[in-house]
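A.B. asks: Show me the folded form of this:
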Amino acid sequence: MTKTTEEMIVPEGWGFVDTVDRRDFLKLTGTGLLVIFALTPPEGMLRPVWNPAGMQRPSPDFNAFVHIGADGRVTMMVGKIEMGQGVMTSLPQLAAEELGVSLASVDVVLGDTELCPFDMGTFGSLSVRTLGPVLRAAAAEARAVLVQMASEKLGAPVSELQVKDGVVSSRTDSTKHVSYGELTAGKRIERRLDGKAALEAVANFTIVGTSPLRRDAIDKVTGRAKYSGDIIPPGALHARVVRAPAHGAERLSIDTTAAEGVSGVRVVRDAELVAVLHAHRDEADKALKLVKATYGPAPSTLDNETIFAHLEKSAPEGRAVAQGGDVAAGEKGAAQLVTQKYLKGYVAHAPMETHSAVASMGADGKITVWASTQTPFPLQTQVARALKISTDKVRVITPFVGGGFGGKSASQQAIEAARLTVAAGKPVRVVWDRTEEFFFDTFDPAAVITIRAGMDSAHKIVSWDYEVIGAGERGSQQFYDVANHRTMVRGGWNANQNGMHPFGIGPWRAPGANANTFAREVHIDLLAQKVGMDPVGFRELNLVKNARMLRVLRAAAEKFGWDPKVSPSKRGFGVALGDDAGTYVGTIARVKVDHATGAVQVERVVCVQDMGVVVNPVGAMQQLEGCITMGLGYTLAEEVRFKDGVVLDKNFPTYHIPRFSWVPKIEGVLLDSPDLPAQGGGEPAIVTVGAAVANAVYDAIGARVVQLPLTPARVKAAMG
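C.D. replies: The predicted model follows:
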């Protein structure tokens, strides 16, 4: 059972923090220790700025992350959300380590705009990489303040005190000890630390670097976990929205008379938004079919075959995101020049949980929205704007999210739910069906990438001219030893400039990096082929100045058991390197190709990651394996078919995501890098999958496919 809107802090069933009502929470924050601290964001940390997505500027204070109750339990309040990546386990590990408490004593509240400090959203593999240092600093300062308080209470110098399991004690007098809970004494303490709190040395970690049971594991496998679509406030109605058949199609007329005549049905009109509402979803579905609406033609006449020429024609002027030396001079000194164009179609997110939201309006006019969203704080602003109310009148709560991959950064369903609850005066649930999910998805954009590279007589790359249309700059800047290089970007995944795309585009797990890494690493293999060199050896030759990437490459080759041969060797081996979210990745794949059909079966994948300090090794390995599995989708099959504004793929019978039968033997390796801070883990391993498999296909059949996905038809055509 779910509590009412006024009382609810988090949905029951999360399994990681007890559900408490507002009065209890006020007691906790009023009588416990709320640590207020002045922190400078770590160098290089992304800072939120106002943008069209509705992101607010954050408070200049990094406060209210840490709350210590009178019973000694710690509550972390974090604006991130849990969508399967494991942050509800890894972030408390960081806090527990710095506080000197057991992990079991740390609770966490996630993605609640009323209780948590501002956060841009959960994307970009930023949680541990950029929020982690902030949480560590907050916890370290909390510990330092508590030790000072203990020093005063025990009459012992700070230098003599130690902390273990939330108890501060004297190293020389065992009778002197006091717990964190006793120090708070039911009083709110606001104290700043003079100077900067010292962080725990990596060598002393006892919690970070371990792999405790995921806090969401049991609830998810037993079905107790609550998602947005599971929230049912009293009197809630299901809403089915009248949708256009094609993107951009204008509604010419609408007749809801028949639907209005159905018992229990309410028809709500709010400007262009028209919906039928009923207490039962199936009845709302039936009523929706009774609505008669006519539409004009979609303005777009493009399809998934003609889109590439359109992109090249309509893309804005290029901007250089990286350049060095003189490309023209480098080309003049080249013994060989190799030019190739690479293509990639649109890809859907296709999460198992469709976009869902529930909205309810309190007696005071405050709107509470439970949403499957990666961006609760930007959504709070979007809802406020849509309703023309202040943000303090909107609360967004994010239960578990059933897969996002970037696609739930946009939250149209939540805005629809909020508008409809105001219009209907009752709680409203908006749960998209699979057709709506595909139609309204913000797709990973189609891309055209052209590379022209030159090599000298010693097989060193001396020029690199790179242009990417559609995918953006992430992953486009090469890391090989090339003195003369230029990387030009025309249009990105986050902006539909010049009407390049016929529908919405947006972030898709490592946005842009999959396309860019595919093109670069296939081109590197093409260069190796032209000079008759083994693909690993050619990369080694051109990575002399990049010791970190060279280490990753050699570790992958060693794990795989790479035997140098010039491609195509008929073995079906392929290698690719990438860097994303601060993590370096080396992937080697082995494939088998059916010569009769062109079907590709990936049999084995070795993936090596250098991601700095690993907070949760099992969690990191789960992310790596998930990346490789998901990467098989965009590599082998996933491509959105469309025509004249109509998305032709409406469900999984035609849009193929990876099956269990596709999954190869996966061998992951996490390199030990204690001197490098923790880097991203949710996306890096996916970026190399396409290129590694494509290079392996060439090695197997001697025919190169330069368009993703590597469908049987394309492989067969290349062979012919």
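
A.B. asks: Select the longest helix from the protein.
C.D. replies: The longest helix of the chain (DSSP state H) is helix 132-154.

A.B. asks: Could you report the neighbour count for the closest residue to residue 179 other than its chain neighbours?
C.D. replies: In this structure, residue 179 finds its nearest non-sequential neighbour in residue 167, 4.9 Å apart by CB to CB, 6 or more residues apart in numbering. C-beta: built from backbone N, CA, C; applies to glycine. For residue 167, the neighbour count with other CB atoms under 10 Å is 18.

A.B. asks: what do you get for residue 198?
C.D. replies: Neighbourhood size, residue 198 [other CB under 10 Å]: 11.

A.B. asks: Return the residues in contact with it.
C.D. replies: If you count contacts by CB atoms under 8 Å, 6 or more residues apart in numbering, residue 198 has them with 140, 144.

A.B. asks: Let's see the pLDDT reported for it.
C.D. replies: Note on residue 198: pLDDT of 94.

A.B. asks: rewinding a little: which residues sit against the helix or strand that the longest helix of the chain is followed by?
C.D. replies: Moving toward the C-terminus from helix 132-154, the next helix or strand (DSSP states H and E) is strand 161-164. The contact list for strand 161-164 (CB under 8 Å, 6+ apart) reads 99-100, 143, 146-147, 150-151, 154, 168-171.

A.B. asks: from memory the residue nearest to residue 179 sits against residue 178, does it?
C.D. replies: Yes - under the criterion of CB atoms under 8 Å, residue 167 makes contact with residue 178 at 7.2 Å.

A.B. asks: For the stretch 601-720 of the chain, which segments count as helices?
C.D. replies: 617-636, 689-701, 712-719 (DSSP state H, counting those that start in this stretch).

A.B. asks: Run the chain-centre distance for the last one.
C.D. replies: When distances are taken as CA atoms, centre = their mean, to the nearest Å, helix 712-719 is centred 32 Å away from the chain's centroid.

A.B. asks: What is that helix packed up against?
C.D. replies: Helices and strands touching helix 712-719, by 3 or more CB pairs under 8 Å, 6 or more residues apart in numbering; DSSP states H and E, are helix 689-701.

A.B. asks: export the helix it packs on as CSV, just CAs?
C.D. replies: What follows is helix 689-701, C-alpha atoms only, in CSV (Å, rounded to 0.1, in the frame of the first residue of the first chain):
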residue,chain,number,x,y,z
VAL,A,689,31.5,-3.0,-29.3
GLY,A,690,30.5,-1.8,-32.8
ALA,A,691,34.0,-1.4,-34.1
ALA,A,692,35.4,-4.6,-32.5
VAL,A,693,32.7,-6.7,-34.1
ALA,A,694,32.9,-4.9,-37.4
ASN,A,695,36.7,-5.5,-37.5
ALA,A,696,36.2,-9.1,-36.6
VAL,A,697,33.7,-9.5,-39.4
TYR,A,698,36.2,-8.2,-41.9
ASP,A,699,38.9,-10.5,-40.5
ALA,A,700,36.5,-13.4,-40.9
ILE,A,701,35.2,-12.8,-44.5
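
A.B. asks: So in terms of bridging, what pairs with the residue nearest to residue 179?
C.D. replies: Beta bridges link residue 167 to residue 164, residue 179 when assigned by DSSP bridges.

A.B. asks: how far away is it from residue 494?
C.D. replies: 49 Å (CB to CB, to the nearest Å).

A.B. asks: what do you get for residue 296?
C.D. replies: 29 Å.

A.B. asks: quick one: which of those two has more around it?
C.D. replies: Neighbours per residue, other CB under 10 Å: of residue 296 and residue 494, the larger number sits with residue 494, 18 against 12.

A.B. asks: wait, isn't that one in contact with residue 501?
C.D. replies: No - checked against CB under 8 Å, the pair residue 494 and residue 501 is beyond contact range at 11.4 Å.

A.B. asks: Check the secondary structure at the residue nearest the centre of the chain for me.
C.D. replies: By CA atoms, centre = their mean, the chain has its centre lying nearest to residue 123, at 3.6 Å. In three-state terms, and counting by DSSP: H, G, I helix; E, B strand; the rest coil, residue 123 is coil.

A.B. asks: Likewise for residue 323?
C.D. replies: Taking three-state DSSP as the rule, one finds residue 323 in the strand state.

A.B. asks: and the closest residue to residue 121 other than its chain neighbours, how far is that from residue 75?
C.D. replies: Distances taken as CB to CB, 6+ apart place residue 375 nearest to residue 121, at 3.5 Å, with adjacent residues excluded. Remark: distance between residue 375 and residue 75 (CB to CB) = 23 Å.

A.B. asks: Show me which of those two is the more surrounded one.
C.D. replies: Shown here are residue 375 and residue 75; by other CB under 10 Å, residue 375 has more neighbours (28 against 23).

A.B. asks: I'd say the more buried one and residue 118 touch.
C.D. replies: No - taking contacts as CB under 8 Å, residue 375 lies outside contact range of residue 118: 11.2 Å.
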